[in-house]
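Participant: Next one to model:
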Amino acid sequence: MAHNNTVMNQMLQLIPRHQFEAIVKKYSANRYVKRFNCWNQLTTLLYAQASGKESLREIEPGLQVNNPRLYHLGLPKIKRSTLADANQKRPSEIFEGLFYKLLERCQMLTPKHKFKFKNPLYSLDATIIDLCLNSFRWARFRKAKGGIKLHCQLDHSGHIPSFLVITDAKQYETTVTKKFLDIIPDSIYCFDRAYNDFVLYRRITESKAFFVTKAKDNLDHQVTGQHTETLKKGILSDEIIKLNNKKYTRELRLVRFYDNMSGEILTFLTNNFHLAPHTITQIYKARWQIEIFFKWIKQNLKIKTFLGTHQNAVLTQIWVAMCYFLLLAYIKYQTKYKHSLFYLHRIIKDTLLARLTLIDLLRASPAKLSQFKSGEFQYSFL
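Facilitator: Take a look at the predicted model:
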């Protein structure tokens, strides 16, 4: 089998190289570079993500021992100091730009969300990535704690992140969303009470889009009418209301729902008057997918231990991790792979430098996968 047919090489071929080089040129990041260019840096960091390497000391020998299978990637001999220096000095915006180029490709393949309505559906949320304050002093957000915050919009068509902003952990969710989010008309945005902001409600409504959120317990409002006469499926009431607030003066909809699983009464606020009240409750329930996404990336991607302590190095590693996530999603949807993204990640990790095609890998039975892994183990010691 051809040397250049490793799984790693085929994953790199899925990256729009000309678009990546255009981004690199924009930041003049390869100027004065003699050996270890930005593509080499990306290749190395993707290798670290896919293989689960947690430190520079793991990456260097990992590349050296597999050199016979890596030469076709054009990688020079890499020292820890070279990679650390690149991660610190080359703008993380290069890899942020690549993330959005990969996103465009993924969005052409993702299946539609499972709701009957045709509106695009997104969930908004944020999560904190903890950092040791002794090592990451620039990331202080409490007296004895460090961290950064990952703000995300999850597209329910394919469950992929379609909007990401990384800030210091002190930034409020609403502040970032109002500043950076490009609201798409006719879309539905779902978020929890951390995003309760009347100006945000107004912006979404004026953009001809919709929102679904949990209402505050002390929401100051007056009931102006009943929206639905026939109530079923746990719906206790479906009212038309007006807020006693000058920042949002239009009518809204308040849906009260009894959750027989938890025994709680939940109250949802929305500007959508077209969907059934039970659909409104299920939209908010689907918001849990973004929590699952956060849990997945923290458990499976290397975004909790970092290859450097400089802020740019941390951001670079996170953006490359997100690029790797989109590569996995692209492979899954392009090949109509029936198993989970987690399983795909694991088999790629175990066969990353094996000489076989992705199609063979994705179609392989568990027994055949074991043979691939065994062959890889033997080769590493030849």
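
Participant: Is Val24 within a helix or a strand, and which one?
Facilitator: Using DSSP states H and E, Val24 sits within helix 17-26.

Participant: Helices of this structure, start to end?
Facilitator: Taking DSSP state H as the test, the helices found in the chain are 7-12, 17-26, 38-51, 56-65, 80-89, 93-107, 173-180, 198-206, 277-286, 288-300, 311-335, 341-351, 358-363, 366-379.

Participant: per-residue confidence averaged over the last one?
Facilitator: Spelled out, it's helix 366-379. Averaged over helix 366-379, pLDDT sits at 58.

Participant: try the fourth one
Facilitator: When the per-residue pLDDT values of helix 56-65 are averaged, the result is 85.

Participant: quick one: it to helix 38-51, angle?
Facilitator: 100 degrees (axes from the mean of the first three to the mean of the last three C-alpha atoms, to 10 degrees).

Participant: any low-confidence regions in the stretch 251-382 of the chain?
Facilitator: 370-382 (pLDDT under 70).

Participant: Could you count how many residues lie near Leu361?
Facilitator: Using other C-beta atoms under 10 Å as the criterion, Leu361 is surrounded by 22 other residues. (Each C-beta comes from the backbone N, C-alpha and C, glycine too.)

Participant: From Lys302, how far off is it?
Facilitator: Distance of Leu361 to Lys302, computed by C-beta to C-beta, to the nearest Å: 22 Å.

Participant: picking up where we left off before, pLDDT (mean, whole number) over the helix holding Val24?
Facilitator: Helix 17-26 comes out at a mean pLDDT of 97.

Participant: Run through the neighbouring helices and strands of it.
Facilitator: Contacts defined by 3 or more C-beta pairs under 8 Å, 6 or more residues apart in numbering; DSSP states H and E place helix 17-26 against helix 38-51, helix 93-107.

Participant: Pull the residues that contact it.
Facilitator: For helix 17-26, contacts defined as C-beta atoms under 8 Å, 6 or more residues apart in numbering pick out Asn30, Asn37, Cys38, Trp39, Leu42, Ile94, Gly97, Leu98, Lys101.

Participant: can you check stretch 194-210 too?
Facilitator: Against stretch 194-210 from outside (C-beta under 8 Å, 6+ apart): 119, 124-126, 172-174, 177-178, 183-189, 211, 213, 216, 243, 245, 247-248, 250, 252, 270-272.

Participant: and the end-to-end length of that stretch?
Facilitator: With C-alpha to C-alpha, to the nearest Å applied, stretch 194-210 spans 17 Å between its terminal residues.

Participant: what's the answer for stretch 63-81, then?
Facilitator: Termini of stretch 63-81 sit 14 Å apart (C-alpha to C-alpha).

Participant: distance between that stretch and the chain's centre?
Facilitator: Centroid displacement of stretch 63-81 relative to its chain, using C-alpha atoms, centre = their mean, to the nearest Å, is 29 Å.

Participant: what's the answer for stretch 314-324, then?
Facilitator: 10 Å.
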